[in-house]
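K.L.:
no sequence on this one, just coordinates:
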């Protein structure tokens, strides 16, 4: 699933269940979940198994992956990466820092956000306009949850570059429902990459087996752009859109 969104020079690994083979946790990781409920321990272990498999593809020796500031994972020197987990899915993506500036991935259940208050908290009026249109045209996708996931990926990509919080109302997401893309326009000054200040993050998304997955991979040559991907809710679909980290 994640291979649809991220390709080399990134290395990725994913799991749809927790009974995958792996060396288990390092002592320092074990201490973090020593009092956690079994489900939390399982997902914590599995996503780190995924991360170590992905690091192995880069020929990076296995090591503890511990939370740093605001819960962001501390990767080995010279590595950028992101992890995510939700019910029925765990994944990790990594790359050499020389190849990519940052990575952000997020997985969520393909279910509508139940609370209107929560939905209004994580979306802005501009997004709610196009979501209403796409709910009619493409009811199989929970568009409010997709926006939430996209903003989580944005934050996971943003934080390693800035060390700053980014709230849900500080980025505006638009999607291409036919090609599986999205663009998050920043409403605050973005980080500088390759000598240019970026205006937003371009990403991709997919859905399968009740899971929504979003991903961002930013190169060092990113340039400042002030565009948005088209929301093509008004015209017939041309293709199927079937095509951790700082804590909120």
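P.N.:
Happy to help now that I have it. None of these values were measured; they are calculated from a predicted model.

K.L.:
use CA for all of it now, contacts and neighbours both
P.N.:
OK.

K.L.:
what about residue 117, helix or strand, and which?
P.N.:
Assigned by DSSP states H and E, residue 117 belongs to helix 116-122.

K.L.:
gap between the following helix or strand past that helix and the chain center?
P.N.:
For helix 116-122, the succeeding helix or strand toward the C-terminus, using DSSP H and E, is helix 125-137. Using C-alpha atoms, centre = their mean, to the nearest Å, the mean C-alpha position of helix 125-137 is found 21 Å from that of the whole chain.

K.L.:
thinking again about what came up before, now the helix holding residue 117: buried residues?
P.N.:
119, 122 (16 or more other C-alpha atoms under 10 Å).

K.L.:
work out the gap between it and the centre of the chain.
P.N.:
With C-alpha atoms, centre = their mean as the basis, helix 116-122 stands 19 Å off its chain's centre.

K.L.:
ditto for stretch 136-156
P.N.:
The answer for stretch 136-156 is 11 Å, by C-alpha atoms, centre = their mean.

K.L.:
what is the rounded mean pLDDT of that stretch?
P.N.:
Confidence for stretch 136-156, expressed as mean pLDDT, is 97.

K.L.:
which strands and helices lie in contact with the helix holding residue 117?
P.N.:
Other helices and strands packing on helix 116-122, by 3 or more C-alpha pairs under 8 Å, 6 or more residues apart in numbering; DSSP states H and E, are helix 143-162.

K.L.:
quickly run through the sheet partners of the next helix or strand after the helix it packs on, with directions.
P.N.:
Next along the chain after helix 143-162, taking DSSP H and E as the criterion, comes strand 171-176. Paired with strand 171-176 in the same sheet, following DSSP bridges, are strand 181-186 (antiparallel).

K.L.:
nearest the geometric middle of the chain, what residue?
P.N.:
Most central in the chain under C-alpha atoms, centre = their mean is residue 105, positioned 2.0 Å from the mean C-alpha point.

K.L.:
now that residue. Nearest residue, chain neighbours left out?
P.N.:
Residue nearest to residue 105 in three dimensions, not counting chain neighbours: residue 215, with 4.3 Å by C-alpha to C-alpha, 6 or more residues apart in numbering.

K.L.:
could you tell me the end-to-end distance of stretch 182-200?
P.N.:
Using C-alpha to C-alpha, to the nearest Å, the span of stretch 182-200 from its first residue to its last is 11 Å.
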